[in-house]
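Engineer: okay, structure incoming, though there's no sequence with it:
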């Protein structure tokens with residue numbers, strides 16, 4: 001093996017590593033009971049991450065409560081189409097109408 005290309009060996013010899021946060025401490029309680037995806041979900045939730053479709057859902061809810069005209073309804077329905085294209089199928093919603101605006105306010 002060529003001594004000039006031993007990058008990992010050079011890194012180990014230099015020992016210029018910075019300690020990781022939490023290094024040497026026990027894992028958080030419940031960490032080993034969850035799988036990788038569940039751990040990711042918990043970390044993302046704790047960090048305040050929201051999927052794009054949930055952000056859009058909150059935006060649509062605010063628009064529904066402020067809507068007063070047919071133009072507002074048309075804008076909301078465009079956002080609902082976008083929302084339906086990115087959210088899980090069981091979370092999809094129907095377009096709203098000016099007549100059904102009060103019902104939509106309770107649903108959104």
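Structural biologist: Yep, it's here. A quick note: this is a predicted structure, and the numbers were derived from the prediction, not measured.

Engineer: show me where pLDDT drops low in this protein?
Structural biologist: Counting by pLDDT under 70, the low-confidence segments of the chain come to 1-4, 15-17.

Engineer: try it again with 80
Structural biologist: 1-22, 27-32 (pLDDT under 80).

Engineer: and the helices in it?
Structural biologist: 7-14, 36-46, 52-66, 70-86, 101-107 (DSSP state H).

Engineer: which elements pack onto the shortest one?
Structural biologist: If I follow you right, that is helix 101-107. helix 52-66 (3 or more CB pairs under 8 Å, 6 or more residues apart in numbering; DSSP states H and E). For every residue, glycine as well, the C-beta is placed using N, CA and C.

Engineer: skipping its backbone neighbours, what lies nearest residue 101 in space?
Structural biologist: residue 67 (6.1 Å; CB to CB, 6 or more residues apart in numbering).

Engineer: just put the helices of the chain in JSON lines and tack on distance to residue 93 and mean neighbour count.
Structural biologist: Listed next are those as JSON lines, based on distance: least, CB to CB, whole Å; neighbours: other CB atoms under 10 Å:
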{"stretch": "helix 7-14", "distance to residue 93": "53", "mean neighbour count": "10"}
{"stretch": "helix 36-46", "distance to residue 93": "23", "mean neighbour count": "11"}
{"stretch": "helix 52-66", "distance to residue 93": "8", "mean neighbour count": "14"}
{"stretch": "helix 70-86", "distance to residue 93": "6", "mean neighbour count": "15"}
{"stretch": "helix 101-107", "distance to residue 93": "7", "mean neighbour count": "13"}
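
Engineer: for the ones you listed, give me CSV that also has distance to residue 28.
Structural biologist: Putting those into CSV (distance: least, CB to CB, whole Å) gives the following:
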stretch, distance to residue 28
helix 7-14, 29
helix 36-46, 9
helix 52-66, 25
helix 70-86, 32
helix 101-107, 38
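
Engineer: next, the residue nearest to residue 101: phi, psi?
Structural biologist: phi -70, psi 140 (degrees, to the nearest 10).

Engineer: surely it meets residue 102?
Structural biologist: No. Counting by CB atoms under 8 Å, residue 67 stays clear of residue 102, with 10.6 Å between them.

Engineer: run through who's touching stretch 89-103.
Structural biologist: 53, 57, 64, 67, 69-70, 73, 76-77, 80-81, 83-84, 104, 107-108 (CB atoms under 8 Å, 6 or more residues apart in numbering).
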